[in-house]
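> sequence plus the predicted model coming up.
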Amino acid sequence: MQPTIAHIGIAVASVDAAAAFYRDVLGLHVSEPELADGARIVHLDFGPSAVELLEPLADDSPIGKFLARRGPGIHHVCYRVPDLDAALAACRAQGYTLIDETPRTGAGGCRIAFVHPKATNGILIELTE
């Protein structure tokens, strides 16, 4: 299996306000919100890929800090890989800085790990299976 884009995470002040465009203009179904990583998250299905709208639950959460520094916008890109453990091992072997040394459970119960943006040209990358 070739890696694919699983989703793009977008930091927003309010998932309800941001979801209106996707629902009312694009006609997409907005998932029920779930809580993960200090954020309220809704998913928008774009076929094999998705968009996640991420609303901080607290100012000191990762999304809260991102919004304070940069404002709303793309927070991360998530790539689906065939073997997350192998991808993390390859990152380590190549010298990429990992935020998550081992996989953890993310939104939707998926195994995830983040690669530090300083190692990937300023883009926060999430890997998932």
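In hand now; what should we look at?

> and the residue lying farthest from the centre of the chain, how far from Leu127?
For the chain, the largest distance from the centre (CA atoms, centre = their mean) belongs to Ala93, which lies 23.8 Å off. Distance of Ala93 to Leu127, given as CB to CB, to the nearest Å: 15 Å. No exception for glycine: its C-beta is placed from N, CA and C like everyone else's.

> likewise Glu32?
25 Å.

> quick check on those two: which one has the bigger neighbour count.
Counted by other CB atoms under 10 Å, Glu32 and Leu127 do not tie: Leu127 has more neighbours, with 22 against 6.

> what's whichever strand or helix holds that one packed up against?
Assessed by DSSP states H and E, Leu127 sits inside strand 125-128. If contacts are counted by 3 or more CB pairs under 8 Å, 6 or more residues apart in numbering; DSSP states H and E, strand 125-128 sits against strand 4-11, strand 73-80, helix 84-94, strand 111-115.

> mean pLDDT and distance to Val42 added to those, as JSON lines?
Shown next, in JSON lines, are these (pLDDT from 0 to 100; distance: least, CB to CB, whole Å):
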{"stretch": "strand 4-11", "mean pLDDT": "97", "distance to Val42": "10"}
{"stretch": "strand 73-80", "mean pLDDT": "98", "distance to Val42": "14"}
{"stretch": "helix 84-94", "mean pLDDT": "97", "distance to Val42": "24"}
{"stretch": "strand 111-115", "mean pLDDT": "98", "distance to Val42": "17"}
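
> nothing else from me, thank you.
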